[in-house]
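Colleague: below: sequence and its predicted model.
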Amino acid sequence: MGIEKDVIALIKAEGLKVNETIRDALDEFIDIVSDENETMQDDAGTEEKLTSVEEGDS
């Protein structure tokens with residue numbers, strides 16, 4: 001939960017308050033970003049495989 005603490009510290013440094021709803025939303029946001037990163041990595045691996053196959057066909 002390191003990144004969440006860093007983001008909360010930045011928010012507080014701006015003089016804003018963080019309540020439980022904000023913490024929950026931040027946790028959900030981090031989960032979504034992690035899921036999207038995994039999807040992008042999977043897509044990049046698929047593209048690399050396709051490119052290798054296409055180059056081999058030439």
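Modeller: Nice, I can see it. Residues are numbered from 1 along each chain as shown.
Colleague: which stretches of the protein form helices?
Modeller: All helices of the chain, identified by DSSP state H, fall at 2-13, 20-57.
Colleague: need those helices in CSV with mean pLDDT, can you?
Modeller: Converted to CSV, the helices of the chain look like this (pLDDT from 0 to 100):
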stretch, mean pLDDT
helix 2-13, 93
helix 20-57, 83
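Colleague: can you redo those as CSV with mean neighbour count?
Modeller: For glycine as for every other residue, the C-beta is placed from the backbone atoms N, C-alpha and C. Shown next, in CSV, are the helices of the chain (neighbours: other Cβ atoms under 10 Å):
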stretch, mean neighbour count
helix 2-13, 11
helix 20-57, 10
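Colleague: how near is Phe29 to Ala44?
Modeller: Here the criterion is Cβ to Cβ, to the nearest Å. By it, Phe29 lies 22 Å from Ala44.
Colleague: and stretch 4-22, how far out from the chain middle?
Modeller: Centroid separation for stretch 4-22 versus its chain: 18 Å, with Cα atoms, centre = their mean, to the nearest Å.
Colleague: what distance separates the start and the end of that stretch?
Modeller: 11 Å (Cα to Cα, to the nearest Å).
Colleague: touching that stretch from outside, list them.
Modeller: Here stretch 4-22 makes contact (Cβ atoms under 8 Å, 6 or more residues apart in numbering) with 23, 26-27, 30.
Colleague: now with 10 Å, please.
Modeller: Outside of stretch 4-22, the residues within contact range by Cβ atoms under 10 Å, 6 or more residues apart in numbering are 1, 23, 25-27, 29-30.
Colleague: and the two most separated of these?
Modeller: Met1 and Ala25 (14.4 Å; Cβ to Cβ).
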